[in-house]
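1. Sequence first, predicted model second:
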Amino acid sequence: MNLILFLGSGVSLASGHPNVVELTESILYSKTHPIETEFLRALKNYDKKARLIGGSYTSPSKYKRVGEIYRNLTSYEDLYYLCEEIALFDWGLHNNAMIPAFMESLLENFSPLLKEKSKRKKLLEIGRYAHAAKAYINKAIIQELSAPETNIVGLDLIVQLANNPKVTSLDILTLNHDLLVEGLLLKNGIQFTDGFGSADGDVRWFEPDNFLSDIKVKLIKLHGSIDWYSFTIDGYEKVAKIAGNNSHEKKNLSGKTLQFLNKSPKVLSGLNKINYYNSGMYTDIHYHFQRVLYQNSLMIMSGYGWGDDPINNRLMTWLDKKKENKLILLHKDPSVLMLRSMVMDRDYSNWVKLNKLKPIFKWLSDTTLEEVLEACSF
């Protein structure tokens, strides 16, 4: 039996990682970055007002103004996206026709925050805030996820699936930046490939052809990882997984000091992630994502909130493409997903009716191997 295991951030909560709300609050109220947090709180308040003004939902008898149907809070991902759009505008690189109007609106709404007098200088001031806030959000995410993985909780099912002789291949697709899954596999002596080659001193270089190997367990991190960094080699960017999760000096086997292209890990944040899915190393990663979908017909999913539209489109296309393609969903209350995802709200009941989706009303941490194997025969 060939299996896909699709994981989102929910599977990391039992190990002490913050959820989206907790991480957003931590970012907004940090005492170490008062300027950035003041700007982000203002941006959150702006977004909260904007969310309430739009959207007409048709009921059987009338139209009802409901605001934005599938988004009822402003997350750090939303804030990162807004900062990125402002930063692109500041650089003169925006390609969204709505952004100039958005910036005009910010000039009016952010006037108490701005110190400059002229319109041009105010726009530059907002741009500076956005660049700093974007870097701060990225740094905060990395810090939250970089604690030593000494307490990996609730992921035993992964080990059981990897070791079970009935499972002939296990492709783990994850949206998480943290190191829980690889730490768990290493701790339990499970051989796997993560798309990186053997050690070259302090680093392992990205070699995506390793995903084509015969190794049973493959780990494909679709949004990057806190231990992936870019280096400059002969004038070109080359990505490596480093030893540990810090960005201190690294050397190759011959003792040469490697030059970091930048000090930030290769992770994707915000709603603009789609812009990078076909760029650089992510082109290879998402090629193998599609290849895994094409070659497999059974997926177990846990921890994913269905909040990434491009990913949703691929999953939806895969599930609808063939009669034998089926999804086992590990979630204590799937109705939560329907409240925040148009795809799940629209298609969940039909997928269940067509025997395409089998819900197990438990979290991954509470689900037994026997329950999963029984569900695989639905």
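-> Nice, thanks for sending it over. Residues are numbered from 1 along each chain as shown.
2. tell me the SS of Phe231?
-> strand (DSSP: H, G, I helix; E, B strand; the rest coil).
3. oh, I was asking about Trp205
-> strand.
4. now Ala133
-> With three-state DSSP as the criterion, Ala133 reads helix.
5. Which stretches in the stretch 1-150 of the chain count as helices?
-> Remark: helices assigned in the stretch 1-150 of the chain by DSSP state H, counting those that start in this stretch are 20-28, 34-51, 76-91, 99-109, 119-145.
6. what's the most buried one of those?
-> Each of these was scored by mean neighbour count; the highest is helix 76-91, a mean of 21, by mean count of other C-beta atoms under 10 Å. Backbone N, C-alpha and C define where each C-beta goes, glycine included.
7. Which one, of the helices of the stretch 1-150 of the chain, ends up nearest to Asn312?
-> helix 76-91 (14.6 Å; C-beta to C-beta).
8. contact partners of the closest one?
-> 20, 23-24, 27, 40, 43-44, 47, 71, 94-96, 99-100, 102-103, 106, 123-124, 126-131, 133-134, 137-138, 140-141, 269-272, 307 (C-beta atoms under 8 Å, 6 or more residues apart in numbering).
9. Tell me how far Phe231 lies from Gly201.
-> According to C-beta to C-beta, to the nearest Å, Phe231 and Gly201 sit 12 Å apart.
10. Among the two, which residue is more densely surrounded?
-> Counted by other C-beta atoms under 10 Å, Phe231 and Gly201 do not tie: Phe231 has more neighbours, with 19 against 16.
11. Run through this protein and note the low-pLDDT ranges.
-> By pLDDT under 70, the low-scoring segments of the chain are 54-69, 147-150, 244-247, 271.
12. what about Ile226, is that helix, strand or coil?
-> Per three-state DSSP, Ile226 ends up coil.
13. Next one: His331 relative to Asp366, how far apart?
-> In terms of C-beta to C-beta, His331 sits 11 Å off from Asp366.
14. Looking at these two, which one has more neighbours?
-> Using other C-beta under 10 Å as the criterion, His331 and Asp366 rank with His331 on top: 21 against 14.
15. thought that one was touching Trp363?
-> Yes: His331 lies in contact with Trp363 (C-beta atoms under 8 Å); the separation is 7.4 Å.
16. any common contacting residues for these two?
-> In contact with both His331 and Trp363: Ser302, using C-beta under 8 Å, 6+ apart.
17. I'd like to know how many residues surround the residue nearest to Asp202 when sequence neighbours are not counted.
-> Distance criterion C-beta to C-beta, 6 or more residues apart in numbering; nearest residue to Asp202, sequence neighbours excluded, is Lys250 at 4.0 Å. For Lys250, the tally of surrounding residues (other C-beta under 10 Å) stands at 21.
18. all helices for the stretch 151-300 of the chain, in order.
-> With DSSP H, counting those that start in this stretch as the criterion, the stretch 151-300 of the chain has helices spanning 156-163, 180-187, 281-295.
19. closest one to Asp171 among the ones you listed?
-> Here helix 281-295 is closest among these (C-beta to C-beta), at 4.6 Å.
20. For the residue nearest to Asp202, list the residues it contacts.
-> With C-beta under 8 Å, 6+ apart, Lys250 has these contacts: Gly201, Asp202, Val203, Phe231, Ala240, Ile242, Ala243, Thr257, Leu258, Phe260.
21. Let me see the backbone angles for it.
-> Per-residue torsions, Lys250: phi -120, psi 140 (degrees, to the nearest 10).
22. Next, work out how far apart it and Asn355 are.
-> The gap separating Lys250 from Asn355 is 51 Å, by C-beta to C-beta.
23. now Leu161
-> 22 Å.
24. These two - which one has more neighbours?
-> Each of Leu161 and Asn355 has its neighbours counted (other C-beta under 10 Å); Leu161 has more, 20 against 10.
25. Let me know whether the more buried one touches Thr368 as I believe.
-> No: with contacts counted by C-beta under 8 Å, Leu161 stays clear of Thr368, the gap being 11.3 Å.
26. Tell me who's in contact with the residue most central in space within the chain.
-> In the chain, the residue lying closest to the centroid (C-alpha atoms, centre = their mean) is Leu175, at 4.2 Å. Applying C-beta under 8 Å, 6+ apart, one finds that Leu175 lies in contact with Leu7, Gly8, Ser9, Lys221, Leu222, His223, Tyr304, Asp308, Ile311.
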